[in-house]
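Peer 1: 3D model of this:
(3 chains)
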Amino acid sequence: MLNIPKARVGARAPAIDLYDLAAELFPINRSLTGAGVRETLQIVAGHVDLTIHEVGTGTPVLDWHVPAEWNIRHATISTMAGRCVVDFADNNLHVMGYSKPVEAVLSRAELATHVHTLPDQPDLIPYRTGYYADDWGFCLPHRLWQEMTDDNYRVEIDSDLSQGALTYGEVFVPGQTNNEVLISCHICHPSLANDNLSGIAVMTALAMRQARLPRRLGYRFLFLPATIGALTWLDRNESRLERVEHGLVLTCLGDSSGFHYKQSRKGATIDRAVAHVLKHSGHRHEILPFSPYGYDERQFCSPGFDLPVGCLMRGVHGTFPEYHTSADNMDFVRPEYLDQSYAVIEEVLDLLDRDCVYERVDGRGEPQLGRRGLYRAIAGQREAGGATQMDLLWVLNLADGRHSLIDMAIRADVPFARIEAAARLALEASLIRPASPS
Amino acid sequence: MLNIPKARVGARAPAIDLYDLAAELFPINRSLTGAGVRETLQIVAGHVDLTIHEVGTGTPVLDWHVPAEWNIRHATISTMAGRCVVDFADNNLHVMGYSKPVEAVLSRAELATHVHTLPDQPDLIPYRTGYYADDWGFCLPHRLWQEMTDDNYRVEIDSDLSQGALTYGEVFVPGQTNNEVLISCHICHPSLANDNLSGIAVMTALAMRQARLPRRLGYRFLFLPATIGALTWLDRNESRLERVEHGLVLTCLGDSSGFHYKQSRKGATIDRAVAHVLKHSGHRHEILPFSPYGYDERQFCSPGFDLPVGCLMRGVHGTFPEYHTSADNMDFVRPEYLDQSYAVIEEVLDLLDRDCVYERVDGRGEPQLGRRGLYRAIAGQREAGGATQMDLLWVLNLADGRHSLIDMAIRADVPFARIEAAARLALEASLIRPASPS
Amino acid sequence: MLNIPKARVGARAPAIDLYDLAAELFPINRSLTGAGVRETLQIVAGHVDLTIHEVGTGTPVLDWHVPAEWNIRHATISTMAGRCVVDFADNNLHVMGYSKPVEAVLSRAELATHVHTLPDQPDLIPYRTGYYADDWGFCLPHRLWQEMTDDNYRVEIDSDLSQGALTYGEVFVPGQTNNEVLISCHICHPSLANDNLSGIAVMTALAMRQARLPRRLGYRFLFLPATIGALTWLDRNESRLERVEHGLVLTCLGDSSGFHYKQSRKGATIDRAVAHVLKHSGHRHEILPFSPYGYDERQFCSPGFDLPVGCLMRGVHGTFPEYHTSADNMDFVRPEYLDQSYAVIEEVLDLLDRDCVYERVDGRGEPQLGRRGLYRAIAGQREAGGATQMDLLWVLNLADGRHSLIDMAIRADVPFARIEAAARLALEASLIRPASPS
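Peer 2: I've put the predicted structure just below:
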């Protein structure tokens, strides 16, 4: 029989300042590979027991190969008179990810084929990558581009694409059982705050928290370059996947939107757990069906793996105007939304960890609550916002070896914590016991 | 093959005056045990073949024990000058159920700890019990209590809690098969008309009716003190529970509210049958999901038994202002509502009894109705409100050994009686036969 | 592995003029049996490879017998002065189907028992039959009947009911597999355009089309006298019924109503396929649950066969005022509605034929689309209204050996053709393969 922790560890506040961590990471030029990813993971490693994996360029990874490592030192567009008009040092979004080195004088027309702007959002720099494009490019505000009317410009990108490695980070917090919860975020976006750093910051704090607590399940936190990072992890951990009981991809957790939870492909307990927590959280939220687009749930939910992994977001990729632009900055994410997101996920993890299937020791009729002091115990709970008598009756009625606590909370339509508190009373009174595995 | 009764016994009117029976029972001081229960059952026994069971105080009953028997002869609160201000003889709600004997002079402040009133309903006497409380108490109108401003009062309760018995009644009307319908009501409330007597009166009339009719199923009518009575019956009849094919708890059937049917825990035919009858009755009604609170369905639907038992009510306990007060009296229940409730349940019992799974003798294509005179037969029925040609086609199409008549009526969305009449025509024409058990 | 046709055969237009064919068939006096049915089938045989079956009068057919063959040459009602007031030669609806011969002078009152009119539609001739009635009758406009005020009339029906045959037609277009799609219409109504000829015309054109195309499935087109024709076919083909994978009864396809699809009794892929096509067609439509009334789906869906057969209509029998009257004529059906109906069913047949269950060759993670040129291929499709990148991702995600293309199209909520195009790209790139049968 497993121990059930009796009390929550303090309030639902992260152990670190989420906004500060995101701000610290913001200036770094992350990409699929390279120095920025390593620097990011080093900062994360200051908070959690992080294993950093390096996988060599060219390593076969399922249907893919690990790409060349990209690093960049300097990139500018200058006038022929030597005035610098676009400088990577000002904003790392200015250079298309995986741009190959270039040093040339181009006519404006030639340059135009390498310039990306957003005519509808003329003050913003777009975020562009060309991982497998063998190309180079600059991203700039459309307004600036319109003001660049010289006949020729000098461009310089001091980058290299070379034999190196793909870098990703992994925190594993073991549990009392072999079953695991897999949580991942992507770490490959440069200075984009919501669509990257919010997930990294929240996940770092969650890993810190889970490491401090007694746990039934193991927790595996993956800091991955998107797609190729997830594929690499899956390739290297295929034999362990059957341990993944629940999974969650985290992204876009710092903006002011309501929550959006995208269900797993197969339909799983994680879907019901997140929906339950969101419903009782009082926060605006929407449940979205699975679709094969988005973040790394695409890989975890591919048909050959079909893991029970959903994706939690506030704003949904592609639907907010700041998405993949320089407006997704540290003003766009707010500390209170980061904290709120953290608190919601913390509660989801508690649900998953504390979920248990009980059965009545003797399920025939209701037990006599009074002689066991349970009416008195319940009256005491009420003042503390704990279980009600009705919650206890639900637990005693549904403890049939088939309903887990999450099932009970959903059927009774009350917060999980109250059902859990009622179950604890029933357990202490020896009225229920964990169900024997069927 | 079972015989199907061809005609209903008269109109859907009870053989006794339900209101008169309730009125006759109203003054009796019922409780969990004692003389009032016995007197009540004696009156019921005047109408039906009732077996009265006595189970000794202290007998172990599942997780409980049969409590001491409570009887009371006299109870008053008087002024020191000898003026009686509260008298149990006026209304048996004045004394908290299971009050232990007392004879004392108390200050008003001391007395206050034993007085129960309803400040929001100052003219009503509340109904209170203290079965396992080892206490005594008086219940009175709040207005009266406010007028009782003397310094001291003399209280007297002449009651005893002694070695005795729990008393319950059982009518069993056997059927052609071993399967049974279990119907129960509670008999432990004193002068409360809707929340007790309506159920007793309707159930008595139903037992009378079922005894007169040919029946496929057995019918077991249980007149039980709530909770401990149901637990006692369950304990003593555990080996027979597998015979319970359907069950219904009856209560609050005399008020003017629409019907409320609370589904069984497991989901069962009774749920579909009651919903079907209510839908086609034209009466206002609402279907409620199972919850582990209410009446003795709590015990029947506990996980160790999980019987297919629902609960039919008009007003729902705790939601009408008269509930558990002196306003739940013979003015609150009306003869027409009692009769209507009786008629609805009668129809439910007919559905259950006449439900049958048929299969076509030869299910390939439609049979030729004309040469069997079935078009003519149907035309004759039409005038009598019987089966239509469409009803007959439904029966012939769904007689596949899997759909029962209730299933057919629900899928065809027509009253059961019409499907039943169509099935009779098809049976007489040898087009269908009862399905062999699978 | 089956070949998948890569392109549609031209636009969705029938190879014959549907309206012209219906108009050609309109004057013929069809009935359950007789010369009119043979003449109708001869005309159909001019377009398709039709096998005409003759089944002798009296042949036992499941619960029925093939009736006598009915033929009629002449029928009139005349005044005693010799003026013809009703003449079968003017409209074959004037005589009740299967009228036995008669030659007599009758009083108006006697005649009245053999006259059918529509008082609410006084200018229309009703359509009546008396297949098993051993009777005779005339059908006329109510207005005409009211003007017929003579005391006596001379009636003459020159018909015979004699040993002959039931005639039906069958086109079988074999496929690459043994599985079949069964499509039927009824051919027993005389000059009724929508409720008969629309189905015959559309089905003839569909049979022509399927014969020209490569096909996975076999297609069996049945031109049947209603009820007895379907029963006869079922009786004679019982051993082959397990090959029927999908089925569709066609009727009332030429009027201006929106589409109505009546689901099969058992629930089947045909129901999902038709609903999907109608949803994405942009046409008004309604899905109706199965009921055991209507056309020959009644026989195909009888419990002993329970075939996966639905029924597609525009207007629903009995709900439009022209139904079974002389107003269901060649003005009531319009070429554009016939063509639209044809196009919808053509698309349904394509869905059924092209439906396939795929599995990923390696389902672990997403494949690298770029190095296979699939991003470029998709971009090319977009201009042609083909598959989008999202469609391709859906196919790659749902190709798990359990989802067919129809399942994918429904889950992705995009037209089947786009999912099919995406599957073709994935197949050509060797990313998916037809699933091995489980």
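Peer 1: ok, and the helix or strand in chain A with the lowest average confidence?
Peer 2: Of all helical and strand segments in chain A, the minimum by mean pLDDT, DSSP states H and E falls on helix A:374-383, at a mean of 80.
Peer 1: buried residues in that one?
Peer 2: A:L374, A:A377, A:I378, A:Q381 (16 or more other C-beta atoms under 10 Å in any protein chain shown). C-beta: built from backbone N, CA, C; applies to glycine.
Peer 1: what would the residues you listed look like in JSON lines with distance to chain C?
Peer 2: Formatted as JSON lines, those follow (distance: C-beta to the nearest C-beta, whole Å):
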{"residue": "A:L374", "distance to chain C": "48"}
{"residue": "A:A377", "distance to chain C": "48"}
{"residue": "A:I378", "distance to chain C": "46"}
{"residue": "A:Q381", "distance to chain C": "45"}
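Peer 1: Verify the contact between A:N179 and A:L241 for me.
Peer 2: No. Using C-beta atoms under 8 Å, A:N179 is not in contact with A:L241, being 11.7 Å away.
Peer 1: Quick check: A:R108 vs A:P119, distance?
Peer 2: 17 Å (C-beta to C-beta, to the nearest Å).
Peer 1: what pairs with the residue positioned nearest the centre of chain A across the strands?
Peer 2: In chain A, the centroid-proximal residue (C-alpha atoms, centre = their mean) is A:L250; its distance is 1.7 Å. On the basis of DSSP bridges, A:L250 is bridged to A:L312.
Peer 1: Enumerate every residue touching it.
Peer 2: A:I183, A:S184, A:C185, A:G199, A:V202, A:M203, A:C311, A:L312, A:I345 (C-beta atoms under 8 Å, 6 or more residues apart in numbering or on different chains).
Peer 1: And those, which is closest to C:L349?
Peer 2: C:L349 lies nearest to A:C311 out of these, by C-beta to C-beta, at 39.0 Å.
Peer 1: Excluding covalently adjacent residues, which one is nearest to the closest residue to chain B within chain A?
Peer 2: Proximity of chain A to chain B (C-beta to the nearest C-beta) peaks at A:G363, 3.0 Å away. Distances taken as C-beta to C-beta, 6 or more residues apart in numbering or on different chains place B:G304 nearest to A:G363, at 3.0 Å, with adjacent residues excluded.
Peer 1: Could you list the low-pLDDT ranges of chain A?
Peer 2: Counting by pLDDT under 70, chain A has low-confidence residues at A:1-11, A:382-385, A:437-438.
Peer 1: for it, what spans make up the helices?
Peer 2: A:18-25, A:35-45, A:108-112, A:142-147, A:198-212, A:228-236, A:269-281, A:297-300, A:335-354, A:374-383, A:389-398, A:405-412, A:416-428 (DSSP state H).
Peer 1: For these, state which one has the densest average packing.
Peer 2: helix A:297-300 (a mean of 26; mean count of other C-beta atoms under 10 Å in any protein chain shown).
Peer 1: Just confirm yes or no for that one near chain C.
Peer 2: Yes. Helix A:297-300 is in contact with chain C by C-beta under 8 Å from any C-beta of the partner chain, via A:R298, A:Q299.
Peer 1: How about the stretch 251-400 of chain A: which residue is closest to chain C?
Peer 2: Counting by C-beta to the nearest C-beta, the stretch 251-400 of chain A gets nearest to chain C through A:G304 (3.0 Å).
Peer 1: hang on, that residue packs against C:R364?
Peer 2: Yes. The pair A:G304 and C:R364 qualifies as a contact (C-beta under 8 Å) at a distance of 3.7 Å.
Peer 1: what's the nearest residue to the residue of chain A most remote from its centre if we skip its chain neighbours?
Peer 2: In terms of distance from the mean C-alpha position of chain A, A:R371 ranks first, at 48.1 Å (C-alpha atoms, centre = their mean). Nearest in space to A:R371, with sequence neighbours left out and distances taken as C-beta to C-beta, 6+ apart, is B:Y132 at 7.4 Å.
Peer 1: ok, now which ones touch the one you found?
Peer 2: Taking C-beta under 8 Å, 6+ apart, one finds A:G370, A:R371, B:P67, B:Y98 in contact with B:Y132.
Peer 1: now A:D63
Peer 2: By C-beta under 8 Å, 6+ apart, the contact list for A:D63 reads A:L231, C:D362, C:R364, C:G365, C:E366, C:P367, C:Q368.
Peer 1: give me that answer again for 6 Å
Peer 2: C:P367, C:Q368 (C-beta atoms under 6 Å, 6 or more residues apart in numbering or on different chains).
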